[in-house]
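Novice: Build me a structure from this.
(one chain, ligands or ions: 2)
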Amino acid sequence: MKVPDLQKLIDKIEEVVPLPSVAMRIINYIDDPDAEISQLAKLISMDQALTTEVLKLANSAYYGFPRRVSTISEAVVILGFSTTRSVVWSVILSSTLKKPVLGYALPEGALWRHSVAVAVGSKLILQHANVKGVNMEEAFVAGLIHDIGKLLLATYVAGAYEEIVKVIAEGKTFDEAERQVLGYDHAIVGSMAAEKWNLPNIYVDAIKYHHRPNETDNLMAKVVHLADYIAYSMGWGSEGLEGLNYTLDESVLEELGIAPEEIDVLFNETLDQAELFLSSIG
Ligand SMILES: [Fe+2]
Ligand SMILES: [Fe+2]
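Specialist: Ligands and ions are numbered 1, 2, ... in the order given. Below is the predicted model of the structure:
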């Protein structure tokens, strides 16, 4: 199968991951340092479905606020900018990420569960780690979108499935097999999608290096890598090919200040919190 060049592939992002224009404006606005709460609330209110879902999630057990939040402006004030960003991303991506991903052998719901586990896990890692300069909610978003490139590459992985499986059987990791057979991997494709959405560089690099954390100084990539490993250990997403031969780059533990014994704790917390998040968003 002929694999398109990267730029052509990325041009399809709007078809594969449709982000309504209001959603697009919101996610770019949230990362603007001059953004104002009232303006953000106004933008969210422009979309009725988004408003309903954001309120539902703001009132959920996962966020656990003691009193009922009934308006969007209240929700944005109580959640704060960072958490509102996570909530908005979760709402706008849930239906796309829930679809089965042909080629990666991911049945309906599997990529969504995996992405939620990595998002929640990334946030928990930062609660345990001694890391400066990485915002927990930004890491949540990076975790949520880290495998977005799979949606764009799926058809081509399907076309080269046997070849990829053969390379994995030789002991290579999944992303190595993608690069060897297709010329690039889902992490590179995903990082280009983040660029196309004008997301800040910290996300672009976190996605690009989530399988090769030793090739970057970006600590968010290291956080997402560890959360990815934990999600696979939980079995969330391991229906697909990526879980095969997945190894943790242990150097990230030292860089993040996480003791190997803490992984078990993180595993249990991620499992609980990811279940809670999924039951909150429905
Ligand atoms: Fe990945
Ligand atoms: Fe992953």
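
Novice: can you list the domain ranges for the protein.
Specialist: In terms of domains, the chain is parsed into 13-94, 98-282 (source: automatic domain parsing).

Novice: Comparing those, which comes out most buried?
Specialist: When you average the neighbours per residue for each of these (mean count of other C-beta atoms under 10 Å), domain 98-282 leads with a mean of 20. Just so you know, the C-beta spots here come from the backbone N, C-alpha and C atoms, and that holds for glycine as well.

Novice: Distance from it to the middle of the chain?
Specialist: 7 Å (C-alpha atoms, centre = their mean, to the nearest Å).

Novice: i'd like the first residue to be 522 from this point on
Specialist: Yes, from this point I'll number from 522; that puts the last item at domain 619-803.

Novice: I'd like to know the average pLDDT value across that domain.
Specialist: Throughout domain 619-803, pLDDT has a mean value of 93.

Novice: With stretch 586-596 instead?
Specialist: Rounded mean pLDDT across stretch 586-596 is 92.

Novice: List the contacts of that stretch.
Specialist: Stretch 586-596 has contacts (C-beta atoms under 8 Å, 6 or more residues apart in numbering) with Ile558, Ser559, Ala562, Ile565, Ser566, Thr572, Val575, Leu576, Ala579, Asn580, Ile599, Thr605.

Novice: where's the closest residue to Ala626 other than its chain neighbours relative to Lys523, distance?
Specialist: With sequence-adjacent residues excluded and distances taken as C-beta to C-beta, 6 or more residues apart in numbering, Ala626 is closest to Gly761, at 4.7 Å. Computed as C-beta to C-beta, to the nearest Å, the Gly761 to Lys523 distance reads 23 Å.

Novice: same thing with Trp718?
Specialist: 27 Å.

Novice: interface residues of this protein facing ligand 2?
Specialist: For the chain, the residues found near ligand 2 under the criterion C-beta under 5 Å from the ion are Asp668, Asp749.

Novice: Could you rerun that using 6 Å?
Specialist: Within reach of ligand 2 by C-beta under 6 Å from the ion, the chain has these residues: His635, Val639, His667, Asp668, Asp749, Gly758, Glu763.

Novice: is it fair to say the first one lies in a helix?
Specialist: Yes - counting by DSSP: H, G, I helix; E, B strand; the rest coil, one finds His635 located in a helix.

Novice: quick one, what contacts it?
Specialist: For His635, the set of contacting residues under the criterion of C-beta under 8 Å, 6+ apart consists of Leu627, Asp668, Ala752, Trp757, Gly758.
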